[in-house]
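Peer 1: Let me see the structure of the following:
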Amino acid sequence: MAGLLFIISAPSGSGKSTLVHELRSVEKNLDFSVSYTTRAPRGSEENGREYHFVPRERFEAMIAEDELLEYAEVFGSYYGTGRSALSESFAHGRDLLLDIDVQGAEQVRERLPEAISIFILPPTPDVLKMRLTNRSRAEGKVEDSVIERRLAKAQHEIENYHKYKYVLVNDVLERAVDELSAIVKAERYLHDGDDLTRPGVQKVLAIAESCRVSHSAERLRPVLDAFGVVFSS
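Peer 2: Residues are numbered from 1 along each chain as shown. Purely as a prediction, here's the structure:
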């Protein structure tokens, strides 16, 4: 049986990488697709860990040869996901997790509408700005213009939250990890045709269901209001 494809998107600085790391430590048989990019490594990033860092010429050759499941150009650099990651995971009976932006997620949903999409929201604009500033400081260079550009991009990305099946607010890390884990478990239960009456299963399903956009108005509205985005289920 083919595996499941999970998509996670979030504005830069939302804590998505930490959430993905924590999720993979508690959920087994979940592969992570390392994206390709033409930008230079930042800080302690290593080739093959955070990204596959490739020359622009190589990336454009991958586009021409249809080797990418999705790709986008962001701030002058390409980012994309190799098709091989999906086929390899499914061939081994494992699920695949993609960490991609809203442009890439849109492309994947068009090609694979069965993909399970999850959007991560930062709790407030101030928290997001602080995280972006701290990241820039860790990279050894704080440029207000870069931070403001990323904040503007975050605003645009957040406006797309309603296109996702699930939405989480990353205000308390432990809770966000529990919710993310519940979503993965719930989708696996439904996909595999498990006995949904088993002890503990209903609780997992309830947590996942509470993260659906249509069931999250009370929690999402104040966060979206802070970013100037109108709630729409």
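Peer 1: Where do the helices of this structure begin and end?
Peer 2: Assigned by DSSP state H, the chain shows helices spanning 16-26, 56-64, 83-91, 102-111, 125-138, 144-158, 173-192, 201-210, 217-226.
Peer 1: Which neighbouring elements make contact with the third one?
Peer 2: Under the contact criterion of 3 or more Cβ pairs under 8 Å, 6 or more residues apart in numbering; DSSP states H and E, helix 83-91 touches strand 30-32, strand 68-74, strand 95-99. In this view, the C-beta of every residue, glycine as well, is placed from N, C-alpha and C.
Peer 1: Quick check: buried residues in it?
Peer 2: The neighbour-count check on helix 83-91 (16 or more other Cβ atoms under 10 Å) flags 85-86, 89-90 as buried.
Peer 1: Over to the fourth one?
Peer 2: Applying a neighbour-count criterion of 16+ other Cβ under 10 Å, one finds 102-109 buried in helix 102-111.
Peer 1: what angle sits between that helix and helix 83-91?
Peer 2: Here the directions of helix 102-111 and helix 83-91 differ by 50 degrees (axes from the mean of the first three to the mean of the last three Cα atoms, to 10 degrees).
Peer 1: outside of helix 102-111, which residues touch it?
Peer 2: 5, 7, 9, 69-72, 74, 79-81, 98, 100, 115, 117, 156-157, 160, 163-164 (Cβ atoms under 8 Å, 6 or more residues apart in numbering).
Peer 1: and the helices of the chain as CSV, adding mean pLDDT and distance to residue 40?
Peer 2: Output for the helices of the chain, formatted as CSV (pLDDT from 0 to 100; distance: least, Cβ to Cβ, whole Å):
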stretch, mean pLDDT, distance to residue 40
helix 16-26, 92, 18
helix 56-64, 97, 11
helix 83-91, 91, 23
helix 102-111, 92, 20
helix 125-138, 87, 15
helix 144-158, 88, 14
helix 173-192, 95, 29
helix 201-210, 95, 38
helix 217-226, 93, 33
